[in-house]
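K.L.:
Need the 3D shape of this:
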Amino acid sequence: QVQLVESGGGLMQAGGSLKLSCAASGRTFSNYAMGWFRQAPGKEREFVAAITGSGLSTYYADSLKGRFTISRDNAKNTVYLQMNRLKPEDTAVYYCARRALSAPIGVHTTAEYDSWGQGTQVTVSS
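P.N.:
Okay, the predicted model is just below:
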């Protein structure tokens with residue numbers, strides 16, 4: 001079973017930037033697409049971004065395109081989420097997740113991801 005450990009969250013003023021990291025255990029990291037989700041208080045967990053195993057293709061929630069960038073370093077077994085021009089509505093717990101190999105193409109809900117990290121809190125003040 002893969003272990004995913006997020007880091008990099010914190011308190012940031014609106015307009016600032018943060019870069020989240022997610023370190024994965026195991027030797028097959030590059031075989032899997034990875035994703036980031038977030039969950040604000042009282043809301044459902046929502047898709048943020050995903051990246052294929054090779055890193056050549058990325059996918060984003062429409063509302064976050066242009067502000068967030070997902071990337072990965074397979075040599076370090078790590079996936080990143082660069083968040084720019086942060087807004088108070090970006091406040092949430094951010095989760096890293098491994099996409100299941102059997103997941104249908106183009107679908108990005110929590111059901112398509114089979115392993116999750118513990119989450120890292122991002123708080124954006126106005």
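K.L.:
can you pull the buried residues of stretch 92-108?
P.N.:
92, 93, 94, 95, 96, 97, 98, 99, 103, 108 (16 or more other CB atoms under 10 Å). In this view, the C-beta of every residue, glycine as well, is placed from N, C-alpha and C.
K.L.:
ok, now stretch 35-54?
P.N.:
By 16+ other CB under 10 Å, the buried positions in stretch 35-54 come out as 35, 36, 37, 38, 45, 46, 47, 48, 49, 50, 51, 53.
K.L.:
Closest to the centroid, which residue in this protein?
P.N.:
Taking CA atoms, centre = their mean, the centroid of the chain lies closest to residue 36, which sits 1.9 Å from it.
K.L.:
Who are the contact partners of that residue?
P.N.:
Each residue near residue 36 by CB atoms under 8 Å, 6 or more residues apart in numbering is listed here: 20, 22, 48, 49, 50, 70, 79, 81, 94, 95, 96, 97.
K.L.:
So what sits opposite the fourth one in the bridge?
P.N.:
Looking back up the chat, that one is residue 49. In this entry, residue 49 is beta-bridged to residue 36, residue 60, by DSSP bridges.
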